[in-house]
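Visitor: build me a structure from this.
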Amino acid sequence: MKGFNHHGVWAIYRFEMARALRTLWQSLVTPVITTALYFVVFGGAIGSRMQELDGVAYGSFIVPGLIMMNLLQLSISNASIGIYFPKFTGTVYELLSAPVSAMEMVIGYVGAAATKSIAIGLVILVTAMLFVEVPIAHPFMMLTMLVLTAVTFSMLGFIIGIWAKGFEQLSFVPALVVTPLTFLGGAFYTINMLPEPWRTVSLANPVVYLVSGFRWSFFGKGDVSIALSLGFTAAFLLLCLGVIGWIFKTGWRLKN
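Guide: Next up is the predicted model:
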């Protein structure tokens, strides 16, 4: 049985991380400025009129949602661009003929994308701490949700990168699907504020479970139980794994 080719995984991972390091300054400055603007708008303008939500100061309350919004967008975009460029330039044929298995390829690309989005998520958290007090009631669960979400949505980004036939399709899901779902998923409010039937309708939004679980790790409070949040995230991760396995088994859009 063929052994695990850690050299191949490391080569892909290192190449993807080197690509990110070339724009390191932009990658770090952008979330810092964006986070500051959110606190000026949401924390200053809205927070002065909305003192607390679920017993948490509004400025602190929006931090998990702000991190999650950026984490979802960055995980998808990093992974989708990473695998799309080999298709766009034609080097995917070299990649597919290299002594690297599908699993090793996925680990390299997804691992690099998740690493970058987790790093930016932590930068946003540190930036937020400069503006408001951000208690972390369950640090281990916070890191678990951070890593699990980053890996899961990096897999989704990998799938999108294979599916996309143009740059406009790469931005379609993050811009027109993930961003609206995040804003409607309780990133900056609790869905318990919504009247029925809108609260029940909101439970059909998958981002609600991600934001709620992540917020629970900070404040010990969420819109749904932490077990439900973890279960949903794990189920979506397994679904993405299944889709990726099917893609490599059938060769769907890998060579066109």
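
Visitor: ranges for the helices of the stretch 101-250 of the chain?
Guide: For the stretch 101-250 of the chain, the helices defined by DSSP state H, counting those that start in this stretch occupy 102-129, 139-163, 167-173, 179-183, 198-202, 206-219, 226-250.

Visitor: distance from the fifth one to the middle of the chain?
Guide: The chain centroid and the centroid of helix 198-202 are separated by 23 Å, computed with Cα atoms, centre = their mean, to the nearest Å.

Visitor: so which residues make contact with it?
Guide: With Cβ atoms under 8 Å, 6 or more residues apart in numbering as the test, helix 198-202 has contacts from Leu184, Gly185, Gly186, Ile191, Asn192, Leu194, Val208. All C-beta spots, glycine's among them, are computed from the backbone N, C-alpha and C.

Visitor: report the buried residues of that helix.
Guide: For helix 198-202, the neighbour count (16 or more other Cβ atoms under 10 Å) marks Ser202 as buried.

Visitor: got the CA positions of it in PDB?
Guide: Provided in PDB are the C-alpha atoms of helix 198-202 (Å, rounded to 0.1, in the frame of the first residue of the first chain):
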ATOM      1  CA  TRP A 198     -39.000  34.800  11.100                       C
ATOM      2  CA  ARG A 199     -37.100  33.300  14.000                       C
ATOM      3  CA  THR A 200     -38.100  29.800  12.900                       C
ATOM      4  CA  VAL A 201     -37.300  30.600   9.300                       C
ATOM      5  CA  SER A 202     -33.800  31.800  10.400                       C
END
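
Visitor: quick check: mean pLDDT of that helix?
Guide: Along helix 198-202, the predicted confidence averages to a pLDDT of 89.

Visitor: any idea which residue sits dead centre in this structure?
Guide: The central residue of the chain, meaning the one whose C-alpha is nearest the mean C-alpha position (Cα atoms, centre = their mean), is Leu72 at 2.6 Å.

Visitor: what's the helix or strand harbouring it packed up against?
Guide: The secondary structure element spanning Leu72 is helix 58-89 (assigned by DSSP states H and E). Taking 3 or more Cβ pairs under 8 Å, 6 or more residues apart in numbering; DSSP states H and E as the contact definition, the neighbouring helices and strands of helix 58-89 are helix 6-21, helix 24-38, strand 52-53, helix 102-129, helix 139-163, helix 167-173, helix 179-183, helix 206-219.

Visitor: now these in CSV, with mean pLDDT?
Guide: Shown next, in CSV, are the helices and strands packed on helix 58-89 (pLDDT from 0 to 100):
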stretch, mean pLDDT
helix 6-21, 84
helix 24-38, 78
strand 52-53, 77
helix 102-129, 92
helix 139-163, 95
helix 167-173, 84
helix 179-183, 89
helix 206-219, 95
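
Visitor: ranking those by burial, who's on top?
Guide: Stretch with highest mean neighbour count among the helices and strands packed on helix 58-89: helix 206-219 (a mean of 25; mean count of other Cβ atoms under 10 Å).

Visitor: ok and that one relative to helix 226-250, angle-wise?
Guide: Interaxial angle, helix 206-219 versus helix 226-250 (axes from the mean of the first three to the mean of the last three Cα atoms, to 10 degrees): 130 degrees.

Visitor: extract the CA atoms of helix 206-219 and return them as CSV.
Guide: Output in CSV follows, covering the C-alpha atoms of helix 206-219 (Å, rounded to 0.1, in the frame of the first residue of the first chain):
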residue,chain,number,x,y,z
PRO,A,206,-26.8,27.2,8.2
VAL,A,207,-24.7,30.2,9.2
VAL,A,208,-26.9,30.6,12.3
TYR,A,209,-25.4,27.4,13.8
LEU,A,210,-21.8,28.5,13.1
VAL,A,211,-22.2,32.0,14.5
SER,A,212,-24.2,30.7,17.5
GLY,A,213,-21.6,28.1,18.4
PHE,A,214,-18.7,30.5,18.0
ARG,A,215,-20.5,33.1,20.1
TRP,A,216,-21.2,30.5,22.8
SER,A,217,-17.5,29.8,23.1
PHE,A,218,-17.0,33.5,24.0
PHE,A,219,-20.0,34.3,26.2
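
Visitor: this completes my enquiry, with thanks.
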